[in-house]
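In: Structure for this input, please:
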Amino acid sequence: MNHKRLLKYSARIGGGMLLVLVVFLACQQNFDGIHAPREHPSELSGFEALLDQIHAATGTARKMALVDSFFATRGNTDFPVIEDSICYFVYRGNKRGSVAGDFNGWKPGVDSFIHVDSTDLFYVKKVFPRDARLDYKFVIGNQWLLDPLNPRIIYGGYGPNSELAMPAYVFPREIEYRPEIPHGKQEMFSFHSRIFSNTRKIMVYLPPGYEENPTQRYPTLYVQDGGEYLQLASMANVLDNLIAEKRFSPIIAVFINPVNRNAEYWLNDLYIAMLTQELIPRIDSTYRTLTAPEHRGIMGASLGGVISLYAGLTAPDYFRFIAGQSSALWIEDQKIIALFKTHSLPQLTVYLDWGTFEAGMGDIHRELIQILKEKNHRVKAAHFPEGHSWGNWRAHIDNILIYFWGEQ
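Out: Down below sits the predicted model:
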């Protein structure tokens, strides 16, 4: 993805004109989509067989009957069809269009539909890793459309998208609400900053047992884009579930909503001052926290990730645990990398992850990881076949919590 573009899409579902299908065919493929041509059409199966039959059929009526039969056989809910690693995005209609998603930087026209003979069937062929999970939409004319036959919908910062989950993708069960386990308590308050002369909402997660154990103190984790981590990433459920399974030590989590997100997260020293001089004293004086920096962490995604790294860099006397998901390391000509290269700091514990469908993220993260290791910081990093999305980030919150407070 081009990280300097902010993408905003309208989510309008089309009417009966569009029927959508994602079909995967089983055959050996590499991830560049290159494959050997088939010499024997009789060996074709699935959607390839359908295309072969349509091309061989005589007359539009017969071709359309084959298309109708295929969709009638599948019904209206058995979508997408998944068969290994080849993906066919399919729709029926009378207008050409394209598929936009995590896999092409959300650029319309890059993956344009191919019209099948004289039918109303169009398709785009792609190859993905078998464990990929990707957001996408169809772009028909000027409309950005959800896949009406795909029951999987994923919500992001700009609304809903259709979700493609490949056969080896493992759904993150820790994000689900479990009524049978103890649940933490959430408290919300309005927080006024004198530094910014503004007010924002703060949500504090108190772990199960907080009120029953009045002498126990807890580590704290400060979460950027706090409302979205709660609503789109179900982070309170993740905390509850991991605590119930004793996979990490209970913590207090502080979810911070931005007021002017870009300005605050853009390597802004005033934002760090707001955290260290105003918010942390408020939290430490209100709740039973462990106040040493070795017991305090900060995390975020995208710009929230880079400001979290900047907090660890500029305020190590407050934060020693730092996590960034798909962090915007590129801003200010990769200034954050240059700063880590030149600064001497106490040892930090750093977690980084990113999606392999985020263009350029791998190289820039590997550069930072190498610098952090050379500076003797503790680093854990991971990449996943996903994009720049909450569907990606929510699935790996458990990695952060366990790395910070679960591993001995």
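In: list the contacts for the nearest residue to Asn94 once chain neighbours are set aside?
Out: Closest residue to Asn94 apart from its sequence neighbours, by CB to CB, 6 or more residues apart in numbering: Asp120 at 6.3 Å. All C-beta spots, glycine's among them, are computed from the backbone N, C-alpha and C. Asp120 is in contact with Met64, Val67, Arg92, Gly93, Asn94, counting by CB atoms under 8 Å, 6 or more residues apart in numbering.
In: what's the following helix or strand after the worst-scoring helix or strand of the chain on mean pLDDT?
Out: Lowest by mean pLDDT, DSSP states H and E among the helices and strands of the chain is strand 20-23, with a mean of 38. The helix or strand immediately downstream of strand 20-23 is helix 46-56, counting by DSSP states H and E.
In: can you list contacts of whichever helix or strand comes after that following helix?
Out: As assigned by DSSP H and E, the chain's next helix or strand after helix 46-56 is helix 60-74. Residues from elsewhere that reach helix 60-74 (CB under 8 Å, 6+ apart): 19, 21, 50, 53-54, 57, 81, 92, 116-121.
In: Of these - the most surrounded one?
Out: When neighbours are counted by other CB atoms under 10 Å, Leu121 leads those with 25 neighbours.
In: check contacts around that residue.
Out: Ile54, Val67, Val90, Tyr91, Arg92, His115.
In: 6 Å instead?
Out: Val67, Arg92 (CB atoms under 6 Å, 6 or more residues apart in numbering).
In: Next, give phi and psi for it.
Out: phi -100, psi 130 (degrees, to the nearest 10).
In: where's it relative to Leu230, distance?
Out: 42 Å (CB to CB, to the nearest Å).
In: cool, Lys380 as well?
Out: Applying CB to CB to Lys380 and Leu230 gives a distance of 24 Å.
In: in the host helix or strand of Val379, what counts as buried?
Out: Val379 is part of strand 378-384 when elements are defined by DSSP H and E. Using 16 or more other CB atoms under 10 Å as the test for burial, strand 378-384 gives Val379, Lys380, Ala381, His383, Phe384.
In: residues near the residue lying closest to the third one once chain neighbours are set aside, how many?
Out: Computed as CB to CB, 6+ apart, the closest residue to Ala381 that is not its neighbour in sequence is Leu352, at 4.6 Å. A count of nearby residues for Leu352, using other CB under 10 Å, gives 25.
In: which secondary structure elements does the helix or strand Leu352 falls within contact?
Out: Here Leu352 sits within strand 349-355, counting by DSSP H and E. In terms of contacts (3 or more CB pairs under 6 Å, 6 or more residues apart in numbering; DSSP states H and E), strand 349-355 is packed against strand 321-325, helix 361-374, strand 378-384.
In: Remind me what the last one packs against, helices and strands.
Out: Contacting strand 378-384 under the criterion 3+ CB pairs under 6 Å, 6+ apart are the following elements: strand 349-355, helix 361-374.
In: Equivalent analysis for the first one, please.
Out: When contacts are defined as 3+ CB pairs under 6 Å, 6+ apart, strand 321-325 packs onto strand 296-301, helix 303-314, strand 349-355.
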